[in-house]
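Engineer: Here is my input, please return the structure:
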Amino acid sequence: RRLDEAEHEKSLLQNSLEDTTKKLETTEKALKETTLILHATQTTEEKLTEEATVLLNTLKDTISDGDRMYNALIKKYQEEVDCKRATKVFHNYQLELLDNVLTDLKAIEAINREHRSEVNVKHEIHNSQQLKLLDEHMNVV
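Structural biologist: Residues are numbered from 1 along each chain as shown. I've put the predicted structure just below:
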């Protein structure tokens, strides 16, 4: 009877050992799969992090380029505003000079007319005196 009990216990232990071995093998297989998945996940995360870093750096560069272009446009705009302002000042100054020249020309023209009028009057007087002298001279002769 003891022998039967011992064999029965041995059989139970062997079954338990086989079950435990199968469970251990299943656990080891699951652990290997989990390790592979974890490794693949870590590799994917590293690649995604690298790609995200590259994208962020590209975005930063693009923003910097945009800022530089914006600043260049603002500078060019300010230069255009300054140029238009200088052109307007120059134009107004030229108009003022032109008005002064026209005023001076009108004054010169008025003086010239007055002088011409005086010359014409003196010329008429001179001609008249010359004719009178010529008449007197003809009457004497």
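
Engineer: just how off-centre is whichever strand or helix holds L17 within its chain?
Structural biologist: Assessed by DSSP states H and E, L17 sits inside helix 2-140. Centre-to-centre, helix 2-140 and its host chain are 0 Å apart (Cα atoms, centre = their mean, to the nearest Å).

Engineer: Quick one: mean pLDDT for it?
Structural biologist: Confidence over helix 2-140, taken as the mean pLDDT, stands at 95.

Engineer: other SSEs contacting it?
Structural biologist: Packed against helix 2-140 by the contact rule (3 or more Cβ pairs under 8 Å, 6 or more residues apart in numbering; DSSP states H and E) you find no helix or strand. Glycine gets a C-beta too; all of them are placed from N, C-alpha and C.

Engineer: Would you quantify the distance from the residue located most distally from the centre of the chain to Q14?
Structural biologist: In the chain, the residue that sits farthest from the middle, by Cα atoms, centre = their mean, is R1; the gap is 101.3 Å. R1 is 20 Å from Q14, where distance means Cβ to Cβ, to the nearest Å.

Engineer: Kindly report the same for S128.
Structural biologist: Counting by Cβ to Cβ - S128 and Q14 are separated by 166 Å.

Engineer: what's the neighbour count on I37?
Structural biologist: 10 (other Cβ atoms under 10 Å).

Engineer: For L133, see how far away D19 is.
Structural biologist: Counting by Cβ to Cβ - D19 and L133 are separated by 164 Å.
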